[in-house]
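Engineer: Generate a structure from the sequence data that follows.
(chains A and B)
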Amino acid sequence: MELRTRYAVGAVALFAVTTLVAVSGAVSGTGVRSDVKAALLWIILLFAALSGLSRAFVREEEAGTADALRLAAPATAVYAGKWLFNTALVLVVEAVSVPLFLLALPPETVNFRLLIGVLLLGGLGLSGAATFVAALIAQASAGKSALFFIVAFPVLMPLLLLATQATVGVFDAVPAHHARAVGDLGVLAAYAVVMTAAALMLFGYVWHE
Amino acid sequence: MGGLTLDNVTMAYGPRVLFAGVCAQAGPGETLVVTGANGAGKSTLLKIIAGLVRPEEGRVRREGAFGYAAPDVHLYAELTGRENLAFFAGLRGLADDPDALLARVGLPRGRGGDLVGAYSSGMRQRLKLAVSLLGEPPLLIWDEPTLALDAAGGERVEEILGRHRRGGGVAVLAANDPVEADRWAAGGVRLHIGAA
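Structural biologist: Okay, the predicted model is just below:
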């Protein structure tokens, strides 16, 4: 369905590119530090992804297809399907945004292997947590978009801080930052596993009345 | 074969009691027709039977799989009729022939390849009934099955219900039209619900 409508991918890609252009226009040529670049990258990725991730369940409730889905498949299968789609969406956002970001705001150095690890694990954690939050707010009667950001923010804050910190190690040549980034990969992986496992266990209570 | 027992089912939204102490039973070959005024809770009762809503009190016992169709349950507008059937069949591990089901509910074969978003309300209703027939479930839970259907569609519904009953299936139907309710309840069970 998304391949036919391309609504989520289009909205997310547009958000990412627009934000990137605005940020690079504002700060390029001003000698931005690696830690600021890392933070900017993850702000762009986070908000671009969040603009599309809530649709996974909100769309089902608004279109009236949620009950048909509830009757047709077990809750864990529904969550897994939505999580896989959201993970693919996040990875597409990263694949589009990150190369453009590196061109617009080239860092001092780039450790590509570490970068891929941070993006992959950060993306998995982002989609795992955001998919569950999307299910939580989808049945709200009004203000779903605002509610999604309000509920997602405290859940995703640890991920944002970790991923930003790890990306600093990707973008500069300080050995201590690099070593810390390698350690951060383990914590990012743990966040992704814990979030996804918790979501799988709790989703049934959220999905069924 | 399917069977259904409602045991003291009560539903309330806050202080407003929709219905209380509803008891009914329907065995193989029987039809349970639920009637009541607008807002009495007919659709809610059918949702409780389908497991979509939890009652305040009481229990529902269903035997076997069921198919559900209701006015507020929609299918995917971005998929074709055939794709909707294949999608829901795939989720349940069923291998029904989509074209056979479309023919059974009277949807023209050529329209099976059109997006549901382009269907009329009557065509969407036929498709919903087709989805509910996937796997030939022993229990059919249909809320206003003839809604938006033309006379030919109404006859199809009667044919499907008649065949379902003769095969030992159980049907739970909600009806606003008293003539339909009388016809479906002939030889079956009529359940009139309202406020406690």
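Engineer: Spell out the residue ranges of the strands in chain B.
Structural biologist: B:3-13, B:16-26, B:31-35, B:57-63, B:66-69, B:139-143, B:170-174, B:189-192 (DSSP state E).
Engineer: Output these as TSV; include the columns mean pLDDT, distance to chain A and mean neighbour count.
Structural biologist: For every residue, glycine as well, the C-beta is placed using N, CA and C. TSV is the format used below for those (pLDDT from 0 to 100; distance: least, Cβ to the nearest Cβ, whole Å; neighbours: other Cβ atoms under 10 Å in any protein chain shown):
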stretch	mean pLDDT	distance to chain A	mean neighbour count
strand B:3-13	94	12	17
strand B:16-26	92	15	17
strand B:31-35	95	18	24
strand B:57-63	95	12	14
strand B:66-69	97	6	24
strand B:139-143	97	10	25
strand B:170-174	96	14	27
strand B:189-192	90	22	16
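Engineer: doesn't B:Asn176 make contact with B:Glu144?
Structural biologist: Yes - contact criterion Cβ atoms under 8 Å: B:Glu144 and B:Asn176 qualify, at 6.4 Å.
Engineer: which of those two has more neighbours?
Structural biologist: B:Glu144 (20 against 15; other Cβ atoms under 10 Å in any protein chain shown).
Engineer: What distance do you get for the residue of chain A positioned farthest from its centre to chain B?
Structural biologist: Note on chain A: the largest C-alpha distance from the chain mean falls to A:Leu71, namely 29.1 Å (Cα atoms, centre = their mean). In this view, A:Leu71 and chain B are 6 Å apart by Cβ to the nearest Cβ, to the nearest Å.
Engineer: Kindly report the same for A:Phe149.
Structural biologist: If you measure A:Phe149 against chain B using Cβ to the nearest Cβ, the figure is 26 Å.
Engineer: List the residues that contact that residue.
Structural biologist: Residues counted as contacts of A:Phe149 (Cβ atoms under 8 Å, 6 or more residues apart in numbering or on different chains) are A:Leu50.
Engineer: What does the pLDDT read for it?
Structural biologist: pLDDT recorded at A:Phe149 is 87.
Engineer: Which phi and psi values does it adopt?
Structural biologist: Per-residue torsions, A:Phe149: phi -70, psi -40 (degrees, to the nearest 10).
Engineer: so what pLDDT did the residue positioned nearest the centre of chain A get?
Structural biologist: Against the mean C-alpha coordinate of chain A, by Cα atoms, centre = their mean, the closest residue is A:Leu126 at 3.9 Å. Reported pLDDT at A:Leu126 in the predicted model: 94.
Engineer: cool, A:Ala189 as well?
Structural biologist: pLDDT for A:Ala189: 96.
Engineer: returning to that earlier point: how far out from the middle of the chain is the helix or strand harbouring the residue farthest from the centre of chain A?
Structural biologist: Using DSSP states H and E, A:Leu71 sits in helix A:66-72. Between the centre of helix A:66-72 and the centre of its chain there are 26 Å (Cα atoms, centre = their mean, to the nearest Å).
Engineer: Show me what that helix is packed against.
Structural biologist: Judged by 3 or more Cβ pairs under 8 Å, 6 or more residues apart in numbering or on different chains; DSSP states H and E, helix A:66-72 is in contact with helix A:55-63, helix B:81-91.
Engineer: Which one, of those helices, ends up nearest to A:Gln165?
Structural biologist: Among those, the nearest to A:Gln165 by Cβ to Cβ is helix A:55-63 (28.0 Å).
Engineer: Buried residues, that closest one. List them.
Structural biologist: The neighbour-count check on helix A:55-63 (16 or more other Cβ atoms under 10 Å in any protein chain shown) flags A:Arg55, A:Ala56, A:Phe57, A:Val58, A:Arg59, A:Glu60, A:Glu61 as buried.
Engineer: Identify the residues contacting the nearest residue to B:Pro98 once chain neighbours are set aside.
Structural biologist: Counting by Cβ to Cβ, 6 or more residues apart in numbering or on different chains, B:Leu85 is the residue found nearest to B:Pro98 once chain neighbours are left out, at 4.0 Å. Going by Cβ under 8 Å, 6+ apart, B:Leu85 touches B:Asp96, B:Pro98, B:Leu101, B:Leu102, B:Leu127, B:Ala130, B:Val131, B:Leu134.
Engineer: What's the separation between the residue nearest to the fourth one when sequence neighbours are not counted and B:Val33?
Structural biologist: Spatial nearest neighbour of B:Leu102, chain neighbours left out: B:Gly112 (4.9 Å); criterion: Cβ to Cβ, 6+ apart. With distances defined as Cβ to Cβ, to the nearest Å, the gap from B:Gly112 to B:Val33 amounts to 31 Å.
Engineer: Check what pLDDT A:Arg55 gets.
Structural biologist: Looking at A:Arg55, its pLDDT stands at 84.
Engineer: go on, A:Thr5?
Structural biologist: 66.
Engineer: Now B:Val73: closest residue in space that isn't a chain neighbour?
Structural biologist: A:Asp67 (4.7 Å).
Engineer: which ones are touching the one you found?
Structural biologist: Counting by Cβ under 8 Å, 6+ apart, A:Asp67 touches B:Leu52, B:Ala70, B:Asp72, B:Val73.
Engineer: cool, A:Phe203 as well?
Structural biologist: By Cβ under 8 Å, 6+ apart, A:Phe203 lies in contact with A:Ala75, A:Thr76, A:Val78, A:Tyr79, A:Phe132, A:Ala135.
Engineer: Where helices are concerned, which of those count?
Structural biologist: Among the contacts of A:Phe203, DSSP state H puts A:Ala75, A:Thr76, A:Val78, A:Tyr79, A:Phe132, A:Ala135 in helices.
Engineer: can I assume the fourth one is in contact with A:Gly128?
Structural biologist: Same thing as A:Tyr79. No - using Cβ under 8 Å, A:Tyr79 makes no contact with A:Gly128, being 9.8 Å away.
Engineer: Which residues are in contact with the residue of chain B found nearest chain A?
Structural biologist: The nearest approach of chain B to chain A comes at B:His74, 3.6 Å away (Cβ to the nearest Cβ). Neighbour list for B:His74: A:Ala63, A:Gly64, A:Thr65, A:Ala68, B:Arg124 [criterion: Cβ under 8 Å, 6+ apart].
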